[in-house]
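# Sharing a model prediction with you, sequence too.
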Amino acid sequence: MPKPEILDPQGKAVLGALPRLGFTGVTDVRQGKRFELEVEGDATPDVLAAVEKMAETLLSNPVIENYTVSVEQADR
Amino acid sequence: MKVGVVTFPGSLDDVDARRAVRIGGNEAIALWHADADLKGVDAVVLPGGFSYGDYLRCGAISRFAPVMTEVVRAATDGLPVLGICNGFQILCESHLLPGALIRNDHRKFVCRDQRLRIENNRTAWTSSYAPGEEIVIALKNGEGGFVADPGTLARIEGEGQVVARYLEVNPNGSLNDIAGITNERGNVVGLMPHPEHAVEELTGSGTDGLGFFTSLAAAVLT
């Protein structure tokens, strides 16, 4: 997600479009990105550490974005 | 001097940049993104465009191109590097320059002849300009809003790292009207407007951009 202090022009555009569709009461919209990574085997601490590294170096730009990593079970 | 111009997949202004290098009195060397080889050049230009389709974030994937490993290493050792537009975005993603560039605050692509003030003529790329000189060169970007956290912004301003500032109009929401910055050493410069499009009377708004390409020779002499 863009950091709270960083202007989010895309979120502002979405916020502006909602009332035109009749949706009221929304005071702010922030737009971010979601990456779904599938990994071999279980999400061990080592795997999660590697994913954290990926998030920090490539998937996000820490200058302007925050990120969180969470684990979900793959659908079989 | 031999000035390398990197072509990434999606680079747009590499040919113009090579031409500007030649008109500026230097030898232009084409560099390829996939080659970890700077071919012995004395300086590097990262040109404008949409490298790697601007996927993920502008410049985010280019940063990890084989040639950039060498550019980052050489820049850290003092090699002059100029990043124009997408090149500026790549330099910020590479952490060779502080801050980041985000979508224009008005959300539209902007293309105009832009007046700038050269705030710092002590870099390898701006020494041909007089202090405070005003120039007009083309600006064209969708994601040119310069941002940095308040501490970084204060440091950039305090250390004189602002190279150029927008005059009359802030075209993209950049903080403090910042159009270009340099690193602490002054060898790496990022600029959102396009000096390489303003080097000949025949085309564009004039020749105000030529100074970026003639400065190198002056920098070597000092």
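The structure has been received and is ready for your questions. Residues are numbered from 1 along each chain as shown, chains lettered A, B, ... in the order given.

# only C-alpha atoms for contact and neighbour calcs from this point on.
OK.

# Next, count neighbours for the residue in chain B that chain A sits nearest to.
In chain B, the residue that lies nearest chain A is residue B:105 (5.7 Å; Cα to the nearest Cα). Using other Cα atoms under 10 Å in any protein chain shown, residue B:105 is surrounded by 19 other residues.

# Which residues are in contact with it?
By Cα atoms under 8 Å, 6 or more residues apart in numbering or on different chains, the residues touching residue B:105 are A:7, A:9, B:145, B:172, B:173.

# The fourth one reaches residue B:106, doesn't it?
Translated: residue B:172. Yes - in this structure, residue B:172 is within contact of residue B:106 by Cα atoms under 8 Å, at 6.9 Å.

# which one of those two has more residues nearby?
residue B:172 (27 against 16).

# excluding its backbone neighbours, what's nearest the more buried one?
residue B:104 (4.4 Å; Cα to Cα, 6 or more residues apart in numbering or on different chains).

# Name the helix or strand for the one you found, please.
Using DSSP states H and E, residue B:104 sits within no helix or strand.

# give the contact list for it.
The contact partners of residue B:104, by Cα under 8 Å, 6+ apart, come to A:9, B:142, B:143, B:144, B:145, B:171, B:172, B:173.

# cool, residue B:47 as well?
By Cα under 8 Å, 6+ apart, the contact set of residue B:47 is B:5-7, B:11-14, B:17, B:83-87.

# Which ones among those residues lie within helices?
Counted as lying in helices by DSSP state H, out of those, are B:14, B:17, B:86, B:87.

# Could you list the contact residues of chain A toward chain B?
Applying Cα under 8 Å from any Cα of the partner chain, one finds that chain A approaches chain B through A:6, A:7, A:8, A:9, A:10, A:58, A:59, A:61, A:63, A:64.

# Format these as JSON lines; extra columns: secondary structure.
Written out in JSON lines, the entries for the residues of chain A next to chain B read as follows (DSSP: H, G, I helix; E, B strand; the rest coil):
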{"residue": "A:6", "secondary structure": "coil"}
{"residue": "A:7", "secondary structure": "coil"}
{"residue": "A:8", "secondary structure": "coil"}
{"residue": "A:9", "secondary structure": "helix"}
{"residue": "A:10", "secondary structure": "helix"}
{"residue": "A:58", "secondary structure": "helix"}
{"residue": "A:59", "secondary structure": "helix"}
{"residue": "A:61", "secondary structure": "coil"}
{"residue": "A:63", "secondary structure": "coil"}
{"residue": "A:64", "secondary structure": "coil"}
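
# Just the buried ones from these?
By neighbour count, with 16 or more other Cα atoms under 10 Å in any protein chain shown, these hold A:7, A:8, A:9, A:10, A:58, A:59, A:61, A:63, A:64 as buried.

# can you put those residues in TSV and add pLDDT?
Shown next, in TSV, are these (pLDDT from 0 to 100):
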residue	pLDDT
A:7	91
A:8	93
A:9	91
A:10	91
A:58	96
A:59	97
A:61	96
A:63	94
A:64	95
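
# And these, which is closest to residue A:35?
If you rank these by distance to residue A:35 using Cα to Cα, residue A:59 comes first, at 8.0 Å.

# any idea how far that closest one lies from residue B:100?
Counting by Cα to Cα, to the nearest Å, the separation of residue A:59 from residue B:100 is 15 Å.

# that older thread, so which of the contacts of residue B:104 belong to strands?
Under the assignment DSSP state E, the contacts of residue B:104 contribute residue B:145 to strands.

# Now for residue 41: which residues touch it?
All of this is about chain A. Counting by Cα under 8 Å, 6+ apart, residue A:41 makes contact with nothing.

# oops, I was thinking of chain B
Counted by Cα under 8 Å, 6+ apart, residue B:41 has contacts B:1, B:2, B:3, B:4, B:29.
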